[in-house]
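> 3D model of this:
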Amino acid sequence: MGRRKGGLDFTKDSRRRRKIRGRETVLMLLIFLAAVAVGVFVFLTLKERMNEPQEKLSSEEPTPVATPTEEPVVTGKEDGTEEQKEAGPFGMWVVPTKEDEVEVVIPTEELWMEDFVDTRTKTRSKGIYVTSDAIRNKLDYILNLIDETELNTIVIDIKDDDGRITYEMSGELIDRFGTARSFIPDIENFVSTMKEHGVYLIARVVTFKDPLLVRTEPKLGLHLSDGSVYKDYKGLGWLNPTEQEVLDYYVEIAQNIADTGFDEINFDYIRFPTEGKISELVYGDGEMTKIEAISAAVKYMCEKIKPMGIYVSADLFGAVIRSAVDQRIVGQDYQELALYLDYICPMIYPSHYSDGYYGIAHPDTEPYKMIYAALEDSNKVLSGIPEYRKRAEVRPWLQDFTASYLRHYIKYGPKQVREEIEATYDSGHTGWLLWNAAVNYTAGALMTEEDADYAYEHRPTPTPSPTPTIAIPTKMPNAGQYIDSPWKKGE
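Reported below is the predicted structural model:
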């Protein structure tokens with residue numbers, strides 16, 4: 001009974017099912033063969049890849065990029081200046097932990113000055129700032145401080161805030177600009193005297209703030225988008241850090257400084273201005289950021305100056321250690337500049353920080369806490385530089401003046417200044433510089449050379465801190481005004 005009238009044809013249906021099963025078998029066989037072919041191809045490719053030279057593989061590894069924890073908002077005001085919508089500074093750069101670190105091969109072109117043979121001899125500087133006027137009128141006082149205390153370094157104005165070079169020097173650009181003066185009449189004798197007293201000599205050079213040169217060579221100054229020369233609120237001009245002649249001018253000054261016998265050139269005001277219509281500044285190719293402009297200038301000058309046999313340092317705002325906002329405004333990237341400089345000198349005067357910074361109610365009244373917190377912050381930021389890269393040594397500027405213009409301040413005497421020095425040591429640094437515009441330093445804060453060496457060598461390890469480790473919040477109040485020279489606020 002193969003068929004049933006009025007019912008289904010089972011014989012025909014059976015043949016159809018057999019035909020379908022046959023097609024499915026063929027299809028499965030084709031899929032299997034295709035899978036085998038793909039597997040063989042992948043195996044051969046991986047085998048060939050594994051046999052490639054290791055250097056070819058390593059060159060394709062990604063380079064890690066540091067990112068800020070938070071992006072601040074900067075807006076323009078009606079007068080052209082920039083302001084932050086929220087109280088700054090913000091943007092502490094994330095330093096990767098050991099677990100997060102990625103080992104990368106830096107391209108050869110990034111190994112900056114790889115062939116430079118450094119024959120210079122470092123000094124553990126303990127110094128003071130000195131004006132050219134003090135060299136003429138207070139030299140005995142300065143020498144007595146050097147001879148009777150642990151001080152071994154002076155930082156002297158060689159190009160001042162007005163743009164004047166303080167002793168006669170020459171060079172193609174120096175002669176053309178006519179900026180050299182004779183405020184220090186016998187520089188060779190002065191240098192010789194300092195060397196007889198064992199002094200490490202640092203030449204302070206005010207860099208891009210230069211009203212004198214901008215007046216005589218306005219094309220070298222910063223300009224605004226309307227073509228006019230930029231001037232700050234005091235009517236002073238600033239040089240354009242992307243102008244080649246400007247950078248070569250400082251290289252000429254450095255060569256004179258090296259030939260005269262100085263040990264180091266110290267660049268101050270190596271930044272963009274912070275006043276007026278700074279959002280309208282025109283410089284570079286129009287695409288360059290302020291950070292790129294300052295970093296390129298510092299890199300170029302270091303390349304030219306280091307082979308002269310002198311060290312290169314720069315003074316940076318304390319706020320740029322952790323603040324991406326402040327870095328962008330002034331163009332100082334703390335971590336990147338540390339790759340080029342020999343010494344990085346953050347100006348971490350407690351009086352320059354606003355109430356609440358680092359969680360300290362009134363920073364000027366807590367000198368130890370303030371200096372320690374700032375330098376610990378510096379350590380964290382610079383720890384992001386790989387060990388095989390050269391980095392600048394940190395040598396901070398410390399406060400030796402009383403900021404009586406503040407609402408909350410204390411008188412700085414032997415105890416306060418010494419606390420700043422001890423905080424510097426406790427944070428792992430060995431050198432420091434004291435600032436007092438009137439060149440009246442607190443001798444009571446200084447030890448004799450012998451006592452200082454003994455005290456330093458016999459410090460407890462680790463040195464117990466009189467205060468607990470300071471927790472640094474993500475957000476902090478603004479550091480206050482950009483003040484390069486403390487006395488300008490009334491000192």
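
> remind me which residues of the stretch 1-150 of the chain are low pLDDT?
Scanning the stretch 1-150 of the chain with the threshold set as pLDDT under 70 gives 1-110.

> switch the cut-off to 50
1-20, 46-47, 49-109 (pLDDT under 50).

> Now do the helices in the stretch 151-300 of the chain.
Secondary structure of the stretch 151-300 of the chain (DSSP state H, counting those that start in this stretch): helices located at 172-177, 187-196, 211-216, 244-260, 290-305.

> Adding mean pLDDT, write these out as CSV.
Listed next are the helices of the stretch 151-300 of the chain as CSV, based on pLDDT from 0 to 100:
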stretch, mean pLDDT
helix 172-177, 98
helix 187-196, 97
helix 211-216, 97
helix 244-260, 98
helix 290-305, 98
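
> Make TSV out of the ones you listed and add distance to residue 326.
Where you see a C-beta, it was placed from the backbone N, CA and C, and this is true even at glycine. Listed next are the helices of the stretch 151-300 of the chain as TSV, based on distance: least, CB to CB, whole Å:
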stretch	distance to residue 326
helix 172-177	31
helix 187-196	35
helix 211-216	24
helix 244-260	23
helix 290-305	11
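
> Of those, give the one that comes closest to residue 128.
helix 187-196 (12.6 Å; CB to CB).

> Extract the CA atoms of the closest one and return them as CSV.
The C-alpha coordinates for helix 187-196 follow below in CSV (Å, rounded to 0.1, in the frame of the first residue of the first chain):
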residue,chain,number,x,y,z
ILE,A,187,82.4,91.9,35.6
GLU,A,188,85.6,90.0,35.3
ASN,A,189,86.8,91.2,38.7
PHE,A,190,83.4,90.4,40.3
VAL,A,191,83.4,86.9,38.9
SER,A,192,87.0,86.4,40.1
THR,A,193,86.1,87.5,43.6
MET,A,194,83.1,85.2,43.7
LYS,A,195,85.2,82.2,42.6
GLU,A,196,87.7,83.0,45.3
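
> gap between residue 218 and residue 239?
Distance from residue 218 to residue 239, counting by CB to CB, to the nearest Å: 10 Å.

> sorry, back to before: quick one: closest of the helices of the stretch 151-300 of the chain to residue 452.
Residue 452 lies closest to helix 187-196 among the helices of the stretch 151-300 of the chain, at 19.8 Å (CB to CB).

> and the closest one, what other elements does it pack with?
Contacting helix 187-196 under the criterion 3 or more CB pairs under 8 Å, 6 or more residues apart in numbering; DSSP states H and E are the following elements: strand 200-206, helix 244-260.

> Just want the angle from that helix to helix 244-260.
Computed by axes from the mean of the first three to the mean of the last three CA atoms, to 10 degrees, the angle separating helix 187-196 from helix 244-260 equals 60 degrees.

> which residues sit against stretch 447-459?
Identification of contacts with stretch 447-459 by CB atoms under 8 Å, 6 or more residues apart in numbering yields 126, 148, 149, 150, 152, 425, 446.

> hmm, which of those residues are the buried ones?
Buried by 16 or more other CB atoms under 10 Å: 126, 149, 150, 152, 425, 446, out of the contacts of stretch 447-459.

> Kindly reformat the helices of the stretch 151-300 of the chain as JSON lines containing distance to residue 384 and mean neighbour count.
JSON lines is the format used below for these (distance: least, CB to CB, whole Å; neighbours: other CB atoms under 10 Å):
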{"stretch": "helix 172-177", "distance to residue 384": "37", "mean neighbour count": "15"}
{"stretch": "helix 187-196", "distance to residue 384": "38", "mean neighbour count": "15"}
{"stretch": "helix 211-216", "distance to residue 384": "36", "mean neighbour count": "18"}
{"stretch": "helix 244-260", "distance to residue 384": "28", "mean neighbour count": "19"}
{"stretch": "helix 290-305", "distance to residue 384": "16", "mean neighbour count": "20"}
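
> Of those, give the one that comes closest to residue 439.
The closest approach between residue 439 and any of the helices of the stretch 151-300 of the chain, judged by CB to CB, belongs to helix 187-196 at 15.1 Å.

> And the contacts of the closest one?
Identification of contacts with helix 187-196 by CB under 8 Å, 6+ apart yields 135, 143, 154, 167, 168, 184, 201, 260, 261, 262.

> Please give the centre-to-centre distance between it and its chain.
Here the centre of helix 187-196 is set off from its chain's centre by 32 Å, with CA atoms, centre = their mean, to the nearest Å.

> That one vs strand 200-206, what angle?
Here helix 187-196 runs at 130 degrees with respect to strand 200-206, directions being taken by the same axes, to 10 degrees.

> So what's the residue count around residue 313?
Residues within reach of residue 313, counting by other CB atoms under 10 Å, total 24.

> Now it. Its backbone dihedrals?
In this entry, residue 313 is assigned phi and psi values of phi -130, psi 170 (degrees, to the nearest 10).

> Identify the spatial nearest neighbour of it, chain neighbours not counted.
Distance criterion CB to CB, 6 or more residues apart in numbering; nearest residue to residue 313, sequence neighbours excluded, is residue 343 at 3.6 Å.
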